[in-house]
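A.B. asks: Turn this into a model:
(2 chains)
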Amino acid sequence: MTEPHVLIVEDSALVTDALRILFEGSGFRVTVASSVADARALPPDDVADLMLLDVTLEDGDGLELLMEMRAANAEPDTTIALTGYDDPITRQRAIDAGCADVLVKPVPVRELLRIARNYTA
Amino acid sequence: MMTDDENRAAPERIAILEAQVLEAQRVINELHSRDALKTQFLSNISHDLRTPLTAIITHAEILRDGMLGELNERQTQSVAGIITGGRQLLDMIGEILVYAKGAGRQLDLNVSDFAISEVIDHVLAVNEPLAAKKGLSVNIDVPPNLRLRADRDKITHVVTNLIGNAIDFTDRGGLSVRASRIPVEEEPHIRVEVQDTGIGIRPEHHELIFQEFAQVDSTASRSHHGTGLGLAIARRLVELHDGRIWVESEPGIGSTFAFVIPCIVSE
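C.D. replies: Numbering: from 1, shown residues only, chains lettered A, B, ... in the order given. Just a heads-up that it's a prediction; the model follows:
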């Protein structure tokens, strides 16, 4: 069985470094995109099983990126929004854009892994 | 009767007063503008602080869970300290963010129907280990079907603050949490109170503690590492629900913090 593939779209290297260690240490294959531009440049034939998507990126809006990926048939099976903004408007925007869940950073690692495994099982 | 000199001076005085009014208005506008900038700064910095804190807590939890190798007992304790400290810092940043939103009039009510017992049970479940560590008793008198329409997250924030304070400022005895349905001017309200057997608060401080950035100057409050915003935010959130919050307390005996909010209640 191939390892589940998680794409982390997040502009803080501090956060992606931690998440890479977490997911690679838990049997996931990890791809990191640190910007909207990085995510657009990913190979179209290697779509992730799960995307952890920061809503606010330095060069654009993560949720617009998700819709762009959908239009290009490059949308991961599941997208979970990771945000620092714990407010109902951001939550609703993410759900409306097609995110399966919205998590507020920092998510306890055990909970994050449990959720990621559920969606990639 | 005014003299000729006084008559001549009157228009000049009016002109001076008008200029002073204009100047005062300009200063007020500038202060409002600077206050808005300060609030925006607080909001931005609170949000930005979460990013490195996310990395710190995540790395520490990875270590705690042995993903990079098993830790010995002292290493485990040390890492647990990083996580606890990080989470406390996160709570404080969260308070500043709520304060900044409130000061910027950006707080909205996201109303839903829920039982107050669900909120109280959740908050107590999170806080009970801390109460147990201090040997405090926890009594609960909350009807299970007491429902209300309110902003659940904001009521949770208020209850968390009151229960957290009760535990922080009580070294012996314990706390009691009660909820009841009461009429206020014939309208249905819900009353929640948190009573403790802690150090108590002097009467002259009963209002002060609900003011922003106020911490009563005592050894006990200095050793309590809060932002000084907790009760001010609680009051703001209760008032956002058209409610009221207050304290009854006697030094050395204990305190009872209570709030009432109007609600549609079904049992």
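A.B. asks: Which residue does the stretch 101-250 of chain B have closest to chain A?
C.D. replies: Here the stretch 101-250 of chain B gets closest to chain A at one residue, B:N110, 4.6 Å apart by CB to the nearest CB. Every C-beta, even on glycine, is put in place using the N, C-alpha and C of the backbone.
A.B. asks: I'd say that residue and B:T156 touch.
C.D. replies: No - counting by CB atoms under 8 Å, B:N110 sits too far from B:T156 to count as a contact (11.9 Å).
A.B. asks: Now do the residue of the stretch 101-250 of chain B closest to chain A against B:D91, distance only.
C.D. replies: 20 Å (CB to CB, to the nearest Å).
A.B. asks: what's the answer for B:E207, then?
C.D. replies: For B:E207, the distance to B:D91 - CB to CB - is 25 Å.
A.B. asks: Of the two, give the one with the bigger neighbour count.
C.D. replies: Taking neighbours as other CB atoms under 10 Å in any protein chain shown, B:E207 and B:D91 compare with B:D91 leading, 15 against 11.
A.B. asks: That one: what's it in contact with?
C.D. replies: For B:D91, the contact set (CB atoms under 8 Å, 6 or more residues apart in numbering or on different chains) is empty.
A.B. asks: ok so it is a helix residue?
C.D. replies: Yes - applying DSSP: H, G, I helix; E, B strand; the rest coil, one finds B:D91 inside a helix.
A.B. asks: Relative to A:R20, how far out is it?
C.D. replies: Distance from B:D91 to A:R20, by CB to CB: 27 Å.
A.B. asks: now the strands for the chain?
C.D. replies: Going with chain A. With DSSP state E as the criterion, chain A has strands at A:5-9, A:29-33, A:50-54, A:56-57, A:60-61, A:78-83, A:101-104.
A.B. asks: Hmm, no, I was thinking of chain B.
C.D. replies: Under DSSP E, chain B gives strands at B:111-115, B:137-141, B:147-151, B:174-184, B:187-196, B:244-250, B:254-262.
A.B. asks: what's around B:N145, how many residues?
C.D. replies: Neighbour count for B:N145, taken as other CB under 10 Å: 10.
A.B. asks: shouldn't it be in contact with B:A115?
C.D. replies: Yes - with contact defined as CB under 8 Å, B:N145 and B:A115 form a contacting pair (6.3 Å).
A.B. asks: out of all of them, which helix in chain B is the longest?
C.D. replies: Across chain B, the longest stretch assigned as helix under DSSP state H is helix B:4-64.
A.B. asks: what angle separates that one from strand A:78-83?
C.D. replies: When axes from the mean of the first three to the mean of the last three CA atoms, to 10 degrees is applied, the directions of helix B:4-64 and strand A:78-83 differ by 140 degrees.
A.B. asks: hmm, back to that, dump the strands of chain B to a markdown table, plus mean neighbour count and mean pLDDT.
C.D. replies: Compiled in a markdown table, these are given as follows (neighbours: other CB atoms under 10 Å in any protein chain shown; pLDDT from 0 to 100):
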| stretch | mean neighbour count | mean pLDDT |
| --- | --- | --- |
| strand B:111-115 | 14 | 90 |
| strand B:137-141 | 12 | 95 |
| strand B:147-151 | 22 | 90 |
| strand B:174-184 | 17 | 92 |
| strand B:187-196 | 20 | 94 |
| strand B:244-250 | 17 | 95 |
| strand B:254-262 | 21 | 95 |
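A.B. asks: B:L68 is nearest to which of these?
C.D. replies: Counting by CB to CB, B:L68 lies closest to strand B:137-141 out of the strands of chain B; the figure is 37.2 Å.
A.B. asks: who's in contact with the closest one?
C.D. replies: Against strand B:137-141 from outside (CB under 8 Å, 6+ apart): B:I120, B:L124, B:E128, B:A131, B:G173, B:G174, B:L175, B:S176, B:V177, B:R178, B:A179.
A.B. asks: biggest separation within these, which pair?
C.D. replies: B:G173 and B:A179 (20.6 Å).
A.B. asks: any idea which residue sits dead centre in chain A?
C.D. replies: For chain A, the residue nearest the mean C-alpha position is A:L52 (1.4 Å; CA atoms, centre = their mean).
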